[in-house]
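Q: Sequence and predicted structure below; questions after.
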Number of protein chains: 2
Amino acid sequence: MSGPLTERRQMILKLVIQEFVDTATPVASETLVRKYRLPVSSATVRNDMAALEELGFLTHPHTSGGRIPTDAGYRFFVENLMERTSLSPAEQRMIRHQFYQVRGELDQWVQLACAVLARTAHNASVATAPRAEQLRFKSLELIAIHETMALAVMVFHGGIIKQQTLPIEPGRTPDDLRRAAGVVSDLLADATLTRAEELAAVATFNGVPLSEFERTLVDMVVRAMIAFEEQAQEQIYSDGLLEMLSQPEFMPASGRDDAERAIERLRRTLEILKSGRGLGPLIPQALASGGVQVIIGGEHGEDAMRDYSVILARYGVEGALVGVLGVIGPTRMAYPRSISTVRYIASLMSNLLADLYYANPRPSEPDVDTSATL
Amino acid sequence: MSGPLTERRQMILKLVIQEFVDTATPVASETLVRKYRLPVSSATVRNDMAALEELGFLTHPHTSGGRIPTDAGYRFFVENLMERTSLSPAEQRMIRHQFYQVRGELDQWVQLACAVLARTAHNASVATAPRAEQLRFKSLELIAIHETMALAVMVFHGGIIKQQTLPIEPGRTPDDLRRAAGVVSDLLADATLTRAEELAAVATFNGVPLSEFERTLVDMVVRAMIAFEEQAQEQIYSDGLLEMLSQPEFMPASGRDDAERAIERLRRTLEILKSGRGLGPLIPQALASGGVQVIIGGEHGEDAMRDYSVILARYGVEGALVGVLGVIGPTRMAYPRSISTVRYIASLMSNLLADLYYANPRPSEPDVDTSATL
DNA sequence: CATTAGCACTCTCGCTTCGCGAGTGCTAAT
DNA sequence: ATTAGCACTCGCGAAGCGAGAGTGCTAATG
């Protein structure tokens, strides 16, 4: 019964999605022919729509009132129908410029990425901080704050920094501190967590037993590394809730109990953004895959995500320092634009991190992205 | 006409507020007598309510359907009627415990304060990072990341740290870096921004002109200090949106167009939280005042804040390192609880910062707070 | 056989009406 | 000053209704 997926039907599906993404209202056959000057009548379009419905790509909220795409419809659109655009060079330039302004201040990169992502894709954005796949110690500095308190700055490979205050005995001189920090730095240089734990157990440096103070320092480093490994997974930045709220889905204009739902949906979404629940499972997947990950509505297991799509991409330096970032918004989403935005920012961040990680004389700006891979 | 504010009328006002805060629905005279076993009839209560209304403490949303407090009503309640409680020792202990767990990691204090504040007061929370009233340089460390890139860690008084990457020429040895950093550290030691700018202009150390590299470093420090002064004001942390969303104000249960408004209100609020607009003007005020600041509904100029109250307190080390924190939520708010929470967490943070700033052998935990000052 | 015109049918949306019930305001009695 | 009694006001939800939009189907057409 459900005839073949002809060329024209695909085109109609594409138009329905485009139109629905634009207007946020169910699209009628008549509207389509009028707006896109189709060389067929509305009745023909209706027939094709019926076929698309039977194929599972469209639905009927009510007998009257036009059609909207299903998750499967969006999926087919993303896989086969949409053109794989890139951001315009002008937009790319604008984005690069913003990153250029905070160059060097790496603790702001992730936040900035979220902000830009949200503004560009007009949706909420999420990102995890770049996480060292294998945290490796680099060096330790001790800075006296006053006689009884020092600030320990632990530096790890890839520019990761952890700071911590540390009570000290009043007698210590700055030179004392420097020497102790030097010993620990040398001892633990390039150590991974397991290696650091081994070294802490042995507690000697070049055969000489560590002083008590030095042992304290080593312990502190080990504890910090453990804490980092445990916590880094959890930390999810997000931004652009406001952008998402401006989507018509949350406008109470059309539909009365729609408004009632909207808040409930919003609360659910917020919960997800905050806790990372439901996003968490996606992240390893995104980390494993190379390209851009698109999860549409119900494809995500979590029930609360039924009406939302997530677009994720990995960024960072392969095998060393990686994170994920992406946008999240209603399934009715401008997929081409969102995908290119995510892709571009991921590549931008990757370049920035690579510059930090490898030996590039000066932070190079990435070329304009014209790749056509998803 | 609007008789005197008798003892009983004050009591009734207090009960109305308590009841309204509890139930979130307008409270009727009948309900009051029944629930609180008042020794008078509902008619008497009605008369008193009418008087309170004429005094501007209560309103009538509709002819039928009970009364709700006005901003002035809440104000009078906060000033004169409410008991000034403190958090229970158990709660205080729980909160202290959470801070204890991240002791040392000062970059997490503000976030934690927000989180705890939100959870305890069941509302959204805001906080600014502690801001040095006068940023003063302490020392600079340079850590080689690889041949062409170093990480500069600038330490300022009060444990403030700023990190930045820095391209370097390939030839430099770690000792080179250390020496240069040492020179700059000594040169700029304890310098304020203006002082640092002077020193940068002179560009000599002990009469010896600075090397080009050292000048670069000094410039970097100065730029960082400028950036910090400019930006620190803006940075507002917040948390607990979810908590606030759970308030009945945002539940679409009662009232249909209430739901429509709710989203609009929410959007406005979000905007305020994000931008700090409307919160900004309050902060200097809170910084100036010593105690807990309560801004109720329309008392705040911003129109979008008409339905919200803000409770702010300063925290930090007087004259050195201060910030503000507080909660924000619907005017229908449990003021006593919110105020004690804000007060307690502010004092807790102050103690923590003081421990960092002054020479306390070990971070002391503050005593149970039993002060009765607002 | 695909396409199309025509038309009946369905369903939502916005509007109005209406009764109910809660709660007040007022008046007169104590 | 307090209170009982009662009329009055409104908001709220249910129900009814007309209009309009858009479809599904059928029969005609090339």
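A: Thanks, I have the structure now. Numbering: from 1, shown residues only, chains lettered A, B, ... in the order given.
Q: What residue, apart from its backbone neighbours, is nearest residue A:36 spatially?
A: residue A:15 (5.8 Å; Cβ to Cβ, 6 or more residues apart in numbering or on different chains). For every residue, glycine as well, the C-beta is placed using N, CA and C.
Q: close enough to count as contact, the one you found and residue A:32?
A: Yes: with contacts counted by Cβ atoms under 8 Å, residue A:15 reaches residue A:32, the gap being 5.7 Å.
Q: any chance you could map the strands in chain A?
A: A:58-59, A:68-69, A:124-128, A:131-132, A:137-146, A:149-156, A:160-167, A:204-205, A:208-209, A:236-239, A:292-296, A:308-317, A:321-330 (DSSP state E).
Q: all helices of chain A, in order?
A: A:7-23, A:29-36, A:42-54, A:71-76, A:89-101, A:109-121, A:174-188, A:193-202, A:212-232, A:241-245, A:257-275, A:282-288, A:335-357 (DSSP state H).
Q: Bridged to the spatially most central residue of chain A, which residues?
A: Residue closest to the average C-alpha location in chain A (Cα atoms, centre = their mean): residue A:325, at 1.3 Å. Beta-bridge pairing of residue A:325, defined through DSSP bridges, involves residue A:127, residue A:313.
Q: So it versus DNA strand D, what's the distance?
A: 38 Å (Cβ to the nearest atom of the strand, to the nearest Å).
Q: Could you verify my assumption that that residue touches residue A:115?
A: No: using Cβ under 8 Å, residue A:325 is not in contact with residue A:115, being 11.4 Å away.
Q: Quickly list what's touching both of those two.
A: residue A:125 (Cβ atoms under 8 Å, 6 or more residues apart in numbering or on different chains).
Q: quick one, what contacts residue A:221?
A: So residue A:221 contacts A:137, A:140, A:154, A:184, A:188, A:196 (Cβ under 8 Å, 6+ apart).
Q: give the contact list for the fourth one.
A: In this case it means residue A:184. A:140, A:214, A:217-218, A:221.
Q: Try it again at 6 Å.
A: Shown in contact with residue A:184 (Cβ atoms under 6 Å, 6 or more residues apart in numbering or on different chains): A:140, A:214, A:217-218.
Q: Distance of the residue nearest to residue A:36 relative to residue A:78?
A: Between residue A:15 and residue A:78 the distance is 15 Å, computed by Cβ to Cβ, to the nearest Å.
Q: what does residue A:136 give?
A: Distance from residue A:136 to residue A:78, by Cβ to Cβ: 38 Å.
Q: now do residue A:226
A: Residue A:226 is 41 Å from residue A:78, by Cβ to Cβ.
Q: which of the two has more neighbours?
A: Remark: of residue A:226 and residue A:78, residue A:78 carries more neighbours, 20 against 14, as counted by other Cβ atoms under 10 Å in any protein chain shown.
Q: mind checking pLDDT for that one?
A: Here, the pLDDT recorded for residue A:78 equals 97.
Q: That one contacts residue A:334, correct?
A: No: in this structure, residue A:78 is not within contact of residue A:334 by Cβ atoms under 6 Å, at 11.4 Å.
Q: Contact distance from DNA strand D - what residues of chain A qualify?
A: Residues of chain A lying close to DNA strand D by Cβ under 7 Å from any atom of the strand are A:26-31, A:42-43, A:46, A:49-50, A:53, A:60, A:63-67.
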